[in-house]
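Asker: here are the coordinates; sequence isn't available:
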């Protein structure tokens, strides 16, 4: 029996979980869900009803993407994606992830779904996204190939799906933002074999008893 990951292909949280599980060489089964008709088997182990959810061989349920990433990296981390605890790199990583999953995710939703936020000016959303997140990332990447140095870390993989989602909203507009280093970083991951594997398509999972 393999580990089971309930996932949704386009969800950035599920994406970063899949990327890390694949990198770590974890044998896992992807169960692609349908957001409007979530499988009972997932809701039974995780009533909150959001993806990703990992059910390990030992029946451990891990319900948050970052926790899945950390679990995978404790199983196998050949290229040292995870900085050691109590280091400046770990603190820097946590700070960026907090910004990404908090303020930037809010702006990303406003940018991607303007119809849901009719009172919010889309140009202001774009400008805020650039000033508080995208431009600082570009400046960071002007100093090294990846976010914490010249090697990939968990931070790159945790942030990449969200930057990609922002980019996909309006590719032409993004390419005019003069974010040279961020664009190069983004393209590196988009063109990688790891991302190609993580974006494999699966049929929607149906429980036999559903």
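Answerer: Done, it's in. Values in this document were obtained by computation on a predicted structure and should not be read as measured data. Residues are numbered from 1 along each chain as shown.
Asker: where in this protein is pLDDT low?
Answerer: Within the chain, the ranges that satisfy pLDDT under 70 run 209-210.
Asker: what about 50?
Answerer: 210 (pLDDT under 50).
Asker: Would you map the strands across it?
Answerer: Here the chain has its strands, by DSSP state E, at 3-7, 28-32, 53-55, 61-62.
Asker: With residue 131 as the reference, name the closest of those strands.
Answerer: strand 3-7 (32.7 Å; CB to CB). For the C-beta atoms, the positions are set from N, CA and C on the backbone; glycine is no exception.
Asker: Who are the packing partners of the closest one?
Answerer: For strand 3-7, the packing partners by 3 or more CB pairs under 8 Å, 6 or more residues apart in numbering; DSSP states H and E come out as helix 12-23, strand 28-32, strand 53-55.
Asker: Just put those in TSV and tack on distance to residue 187 and mean neighbour count.
Answerer: Output for these, formatted as TSV (distance: least, CB to CB, whole Å; neighbours: other CB atoms under 10 Å):
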stretch	distance to residue 187	mean neighbour count
helix 12-23	16	24
strand 28-32	25	19
strand 53-55	29	25
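Asker: Going along the chain, name the helices of this structure.
Answerer: Counting by DSSP state H, one finds helices in the chain at the ranges 12-23, 40-45, 65-75, 88-99, 105-112, 122-129, 135-141, 154-169, 171-175, 180-190, 193-198.
Asker: Deepest in the core, which of these is it.
Answerer: Highest mean neighbour count of the helices of the chain: helix 12-23, a mean of 24 (counted as mean count of other CB atoms under 10 Å).
Asker: what's residue 144 in contact with, if anything?
Answerer: residue 150 (CB atoms under 8 Å, 6 or more residues apart in numbering).
Asker: now swap in residue 58 and tell me
Answerer: By CB under 8 Å, 6+ apart, residue 58 has no neighbours at all.
Asker: What backbone torsions are found at it?
Answerer: Here is the backbone geometry of residue 58 (degrees, to the nearest 10): phi -90, psi 10.
Asker: coming back round to it: as CSV, the strands of the chain with distance to residue 158 would be great.
Answerer: Below are the strands of the chain laid out as CSV (distance: least, CB to CB, whole Å):
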stretch, distance to residue 158
strand 3-7, 16
strand 28-32, 18
strand 53-55, 16
strand 61-62, 15
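Asker: I'd like to know which of those strands lies nearest to residue 120.
Answerer: Set against residue 120 and scored by CB to CB, the strands of the chain come closest in strand 3-7, at 30.0 Å.
Asker: Can you tell me what sits against the closest one?
Answerer: With CB under 8 Å, 6+ apart as the test, strand 3-7 has contacts from 14, 17-18, 21, 26-33, 39, 42, 46, 51-57, 68, 205.
Asker: Mind doing that once more with 7 Å?
Answerer: Here strand 3-7 makes contact (CB atoms under 7 Å, 6 or more residues apart in numbering) with 14, 17-18, 21, 26-33, 42, 51-57.
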